[in-house]
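In: The following block contains a protein sequence and its predicted model.
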Amino acid sequence: MTAASPASHASHDDPLARERDHLTASRTALRAMRADVEALDIGDVTANWVNAAVLQSQIDDRIKALADLAHTPLFFGRLDFLHEVGAEEAEGGEGSSFYIGRRHVHDADGDPMVIDWRAPVSQPFYRASKKDPMDVGLRRRFGYTGGELTAYEDEHLSDPAEAAQVSALLQQEIERPRVGPMRDIVATIQPEQDEIVRSGLGGTVCVQGGPGTGKTAVGLHRVAYLLYAHRERLARTGTLVIGPNASFLHYIEQVLPALGELEVKQATVADLVAHVEVRGGDDPGAALVKGDARMAEVLRRAVRSHVSMPAEALMVVRGSRRWRVPAYELEEIVRELLDRDIRYGAARDALPQRIAHTVLVQMEQAGEAPDDRVQNAVARNAAVKAAVKAIWPPVDPAKLVLRLLSDAEFLAEHADGLLDADEQKALLWAKPARSVKSAKWSAADAVLIDEAHDLVERTHSLGHVVLDEAQDLSPMQYRAVGRRCTTGSATVLGDLAQGTTPWATRSWAEALAHLGKGEAVVEELTAGFRVPREVIAYASRLLPDIAPGLAPVESVRESPGSLAVRRVAEGEELAGAVVAACVESLAHEGSIGLIAADARIPVLAEALDAAGVPYLDPGTETTPEARLTLVPASLAKGLEYDYVVLDEPSAVVDGEPDERTGLRRLYVALTRAVSGLVVVHGTELPGQLAS
Ligand SMILES: Nc1ncnc2c1ncn2[C@@H]1O[C@H](COP(=O)(O)OP(=O)(O)OP(=O)(O)O)[C@@H](O)[C@H]1O
C-alpha cells in the first residue's frame, strides 16, 4: 500500500502527517545535537595545544557528521516489533517502534528518534521476510521527493493474510536516473547484500558478482558497518578502499562521507607501492613473469644472499682487555637469525646485540659484572659495527630489483629452479639501467620493489581493506595488498568475466591464497541493479567465451530499457553517427557515457568538438550543462551512466592483445548502462553479438 497526500491538507489522523511530524521533530533534535557539539569549549579541558588541535579536529568531524543534508532523508524506514526489544539491541531505546536512518538521532532526554541503519535493531529492516518475520509486525518504507516525505508503503510481515509483495518504493529507488557520483544504497540494501555487509570483522569475504550486482556498493557499506561495530579498533588500525584507478575512486569517494564516515582512505594498488616513479611499461610476457608469485621466492633468495658467513674471529677491545668471538660462534648467531625467518632488517638490528651478549658472557666468566650499559656499548663498538656491516649489510630494495633486472648472472643465481631460461630472459632489461633514479620502472617493477621492502622491513597492516575490481590483480599485487591486512581482514570484490589483464584471476581460491586469506568464504551475487534485462541479455552472449562457468546476471530492473544496434549506412561517417547518437541520448534525463576503444578517443573528441557538444573526462562530476563523458574502454570498469553510446565494438576487441581479453573489455563496455544502450558500428560486429 502506498499513501501520499500534500502537506497542506494533512490532518493529524493521517499517518503520513504523523510521520512528517516525526521527521520535523527529528530534524530539530539533530540541530540541537549539532548545537551541543558546536558549543563545546575545549579551553577548560586541555591546556596542551597539540591535544587541543586533535580534539578540535574530532569535534569538527562530528559537526560535519551531524549536518542535516536537505536532500538526504533523515530516516527511510520504520519497524514496529511485536514485542519489546532488549535494551542492548535497541541502543538504549525503549519501545517497539523504530525509525531507521543514516545516523542516530536522540532527543533532549537521550531517547532515540532515529536509529542508525547499522544498529542490530535495524537489521530486520533488511532481512525480515514473510517466511522469517523476525518479530516485525510492520515494516514501513518512506518515499521522498526532494527533501520532503511524500509517501509510505507498509508490509505486515507477521500477518498471514497479507501476501508477500514487491515494493514499489524500492523499485522506484532502483530505477531512479543516475547523475553524478555513486550514492549510498542504505535504504534498499537487499537481504543477500546485507549478509555480506554485516559479516564479522574477523573474517575475509570474497564476492563474485556480475556487472551491476552491487559489489562496490556492498563493499563500501561493509566498511561503514564495520566502522560502526568496531569503531575504536578500526580507528586505531585504519581502513582502506582499493580501486582500479583515480577516476573510479573519484566516482565512489562520496559514498562513505554521505554515511558519516570521513576517515576511510582510498588508493590504487599503484599508490600503495609507489616507492619509485613509474615511467616505463612492460610487454605482456615480461609483466606476466614479474607478476608471478614465484618472483616472491626469487626476491627472498636475493635479499638473503647478502648475508655472508663470518670467516674471521672478531676482536673487541675494551680498556686494557681484548675479547675474542671466534668465527664459529658468530656463524651460530647468524644461522640462528636466518632460521628465525624474521625480516632481514630486524635481524640486522638484532645482530650487534647478539654479538655483544656473547662478549658479555665471556666477561662474566672472567669474573666481571657487566650491566646492560656495557652490553650496549659493546654493540656500538666500531669492530662490532664493522663485522655486522660485512656479515649483514643493509639492502636497498630498489637497488636489489635493479640488479635482478640488469644482471643476468645475479638473476640466474636466485631464479635457479624457479624460472626457466626464457622467463629469465623476459625479465632482463634490454638496456640495463644505471641507477634507481634513471631506471624506467614499470608498474610491475614497483610491486617487486614493494615485495623486497617487505622482506627487509615489515609492512604496516591495517584493520580492514576493501579490494574492488580484484580480478585484474597479478599474484604479486595480491601479495602487496595482503601484506597490508596481515593482522586485519579484507573484502575482495570482483567478477572473473571482467578480468582484462594478461594475469587476470582464474579462480578465487587461488587469488585468496596469494592474498594470504585462503580461509575466506566466497559469496555470489546474481541480481543485477544496473543493467536493463534486454541489455544484459545482449552482453551475456559473450559469457560462454569469456567465463564459461558463470551464470548471466538476472536484472531486477523492471523498466524495459532500450537497446539499439545501428550499423552506419554506406558512405556515412562512423564518428558522425556516434555524435548523432549522443545528441539523441542527451534528450533524456541523466548521464551519458560515450565508450570507445582507447585508440578511437582522439577521433571522437574531435568530432564532438566540431559538433559543439561539450564532454567530460571519466570520474569528473557531471553538471546540468555537461552530462556527456567520453570514456576510453580501458577506464570504463566500475563506472555507470544512464545512457551509453558504444562506438565500434570490434575496435574495442581489437584494442586488446588477444581475443578473449578483447571480448571481456567489450563485456565491461556493454554493461555500463542503466537505462539505455546504443551500439553504433561501421564494421562487422564480433560474431558472438551478431547472432
Ligand atoms: N540494493 C540496491 N538498491 C539500489 N541500488 C543498488 C542496490 N545494489 C546496487 N545498486 C546500484 O546498482 C548499481 C551497480 O552497483 P555497483 O557499481 O556496486 O555494482 P558492481 O557489482 O560493483 O558492478 P561492476 O561489476 O560493473 O563494477 C549502482 O548504481 C548501485 O548503487
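Out: Structure's in. What do you need?
In: Spell out the residue ranges of the helices in the stretch 1-150 of the chain.
Out: With DSSP state H, counting those that start in this stretch as the criterion, the stretch 1-150 of the chain has helices at 15-38, 49-65, 123-127.
In: Columns mean neighbour count and mean pLDDT on top of these, output as JSON lines?
Out: For every residue, glycine as well, the C-beta is placed using N, CA and C. Formatted as JSON lines, the entries for these read as follows, by neighbours: other CB atoms under 10 Å; pLDDT from 0 to 100:
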{"stretch": "helix 15-38", "mean neighbour count": "16", "mean pLDDT": "90"}
{"stretch": "helix 49-65", "mean neighbour count": "13", "mean pLDDT": "74"}
{"stretch": "helix 123-127", "mean neighbour count": "20", "mean pLDDT": "94"}
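In: for the ones you listed, which one sits closest to Arg139?
Out: Within those, the stretch nearest Arg139 is helix 123-127; the backing value is 6.5 Å (CB to CB).
In: which residues sit against that closest one?
Out: Applying CB atoms under 8 Å, 6 or more residues apart in numbering, the external contacts of helix 123-127 come out as 77, 79, 81, 100, 117, 133-136, 139, 189-191, 194-195, 198.
In: Looking at these, which is nearest Gln58?
Out: Ranked by distance to Gln58 (CB to CB), the contacts of helix 123-127 are led by Trp117 at 22.9 Å.
In: neighbours around that closest one, how many?
Out: If you count neighbours by other CB atoms under 10 Å, Trp117 ends up with 28.
In: Just give the nearest non-adjacent residue to it, would you?
Out: Leaving aside its sequence neighbours, Trp117 sits nearest to Val186 (CB to CB, 6 or more residues apart in numbering; 5.0 Å).
In: go on, Val481?
Out: Of all residues not flanking Val481 in the chain, Leu467 sits nearest, at 5.6 Å (CB to CB, 6+ apart).
In: What separation do you get for that neighbour and the ligand?
Out: Counting by CB to the nearest ligand atom, to the nearest Å, the separation of Leu467 from the ligand is 12 Å.
In: Share the number of residues neighbouring that residue, please.
Out: By other CB under 10 Å, 27 other residues sit near Leu467.
In: For it, give the beta-bridge partners.
Out: Note on Leu467: beta-bridge partners by DSSP bridges are Ile242, Val492.
In: My guess is it contacts Ile242. True?
Out: Yes - the criterion here is CB atoms under 8 Å, and Leu467 meets it with Ile242 at 4.9 Å.
In: Now narrow the contacts of helix 123-127 to whatever sits close to the ligand.
Out: Applying CB under 6 Å from any ligand atom, the subset of the contacts of helix 123-127 adjacent to the ligand comprises Ile189, Gln190.
In: Now list the buried members of the contacts of helix 123-127.
Out: The neighbour count (16 or more other CB atoms under 10 Å) marks 77, 79, 81, 100, 117, 133-136, 139, 189-190, 194, 198 as buried among the contacts of helix 123-127.
In: Output the residues you listed in JSON lines; the columns should cover pLDDT.
Out: Conversion of these to JSON lines gives the following (pLDDT from 0 to 100):
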{"residue": "Gly77", "pLDDT": "94"}
{"residue": "Leu79", "pLDDT": "95"}
{"residue": "Phe81", "pLDDT": "91"}
{"residue": "Ile100", "pLDDT": "96"}
{"residue": "Trp117", "pLDDT": "95"}
{"residue": "Pro133", "pLDDT": "90"}
{"residue": "Met134", "pLDDT": "92"}
{"residue": "Asp135", "pLDDT": "90"}
{"residue": "Val136", "pLDDT": "91"}
{"residue": "Arg139", "pLDDT": "94"}
{"residue": "Ile189", "pLDDT": "93"}
{"residue": "Gln190", "pLDDT": "92"}
{"residue": "Asp194", "pLDDT": "95"}
{"residue": "Arg198", "pLDDT": "95"}
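In: Can you tell me which of those lies closest to Glu155?
Out: The closest of the buried ones among the contacts of helix 123-127, once distances to Glu155 are taken by CB to CB, is Arg139, at 4.6 Å.
In: how about the closest one, what does it touch?
Out: Going by CB under 8 Å, 6+ apart, Arg139 touches Gly77, Arg78, Leu79, Pro124, Phe125, Ala128, Asp154, Glu155, Leu157.
In: Repeat that for Val481.
Out: For Val481, the residues meeting the contact criterion (CB under 8 Å, 6+ apart) are Ile242, Val269, Leu272, Val465, Leu467, Leu473, Ala490, Leu515.
In: Backbone dihedrals for it, please?
Out: The phi/psi pair for Val481 (degrees, to the nearest 10) reads phi -70, psi -40.
In: ok, now how distant is it from Lys637?
Out: According to CB to CB, to the nearest Å, Val481 stands 17 Å off from Lys637.
In: Same check on Ser474?
Out: Applying CB to CB, the value for Ser474 to Lys637 is 16 Å.
In: Report pLDDT for the closest residue to Gly209 other than its chain neighbours.
Out: Setting aside the residues directly before and after it, Gly209 is nearest to Leu525 in space (CB to CB, 6+ apart), at 3.5 Å. Reported pLDDT at Leu525 in the predicted model: 96.
In: thinking again about what came up before, now for the buried ones among the contacts of helix 123-127: which two are most distant?
Out: Spatial extent of the buried ones among the contacts of helix 123-127 (CB to CB) is set by the pair Phe81 and Gln190 at 21.5 Å.
In: Show me which residues of the stretch 501-650 of the chain sit near the ligand.
Out: With the criterion set to CB under 6 Å from any ligand atom, the stretch 501-650 of the chain comes near the ligand through Phe529, Arg530, Gly638, Glu640.
In: Go again with 5 Å.
Out: Phe529, Arg530, Gly638 (CB under 5 Å from any ligand atom).
In: what about the first one, how many neighbours?
Out: Applying other CB under 10 Å, we find 22 residues neighbouring Phe529.
In: can you pull the contacts of it?
Out: Phe529 makes contact with Ile174, Gly212, Thr213, Gly214, Val556, Arg557 under the criterion CB under 8 Å, 6+ apart.
In: Can I get these in CSV including secondary structure, pLDDT and neighbour count?
Out: What follows is the contacts of Phe529, written out as CSV (DSSP: H, G, I helix; E, B strand; the rest coil; pLDDT from 0 to 100; neighbours: other CB atoms under 10 Å):
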residue, secondary structure, pLDDT, neighbour count
Ile174, helix, 78, 18
Gly212, coil, 93, 27
Thr213, coil, 95, 28
Gly214, coil, 94, 25
Val556, coil, 87, 18
Arg557, coil, 80, 21
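In: Specify which member of the residues you listed is nearest to the ligand.
Out: Proximity of the contacts of Phe529 to the ligand was ranked by CB to the nearest ligand atom; the top entry is Gly214 with 3.0 Å.
In: buried residues in the helix or strand hosting Tyr225?
Out: Element membership for Tyr225 (DSSP states H and E) is helix 215-229. Buried positions in helix 215-229, judged by neighbour count with 16+ other CB under 10 Å: 215-228.
In: just these that are near the ligand?
Out: Applying CB under 5 Å from any ligand atom, the subset of these adjacent to the ligand comprises Lys215, Thr216, Ala217.
In: My guess is Arg322 contacts Val359. True?
Out: No - with contacts defined as CB under 8 Å, Arg322 does not count as touching Val359, sitting 10.4 Å away.
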